[in-house]
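K.L.:
I need the structure of the sequence given here:
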Amino acid sequence: MNDTSPEIAKLVRQKLMARSGAERFVMGTRMFDAARAVVMASLPNGLSPDDIKRQLFKRLYGWAAPF
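P.N.:
Residues are numbered from 1 along each chain as shown. Below you'll find the predicted structure:
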């Protein structure tokens, strides 16, 4: 689903691409950190550190952790 007009999408892309590569990288890492925090907050209490890692991996990447 896309409810953004082509004109606005183009403007947003132009503004994003006007940033330096380093700025875009930092934006991406901050978005990942925010997503990770949301997932961590949704996990049940009492999980072992290994179970936390497995659940985090599964929710972020959609499959079972290899460890």
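K.L.:
Tell me which stretches of the chain form helices.
P.N.:
Listed in chain order, the helices of the chain (DSSP state H) span 6-17, 21-42, 49-61.
K.L.:
Put together TSV for those helices, with mean pLDDT on each row.
P.N.:
Listed next are these as TSV, based on pLDDT from 0 to 100:
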stretch	mean pLDDT
helix 6-17	96
helix 21-42	97
helix 49-61	92
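K.L.:
which one in the chain is furthest away from the centre?
P.N.:
In the chain, counting by CA atoms, centre = their mean, residue 7 sits farthest out from the average C-alpha position, at 25.6 Å.
K.L.:
Kindly provide the distance from that residue to residue 15.
P.N.:
Per CB to CB, to the nearest Å, residue 7 is found 13 Å from residue 15. Quick note: C-beta positions are derived from backbone N, CA and C, even for glycine.
K.L.:
Equivalent analysis for residue 60, please.
P.N.:
Distance of residue 60 to residue 15, given as CB to CB: 27 Å.
K.L.:
Good, wrapping up.
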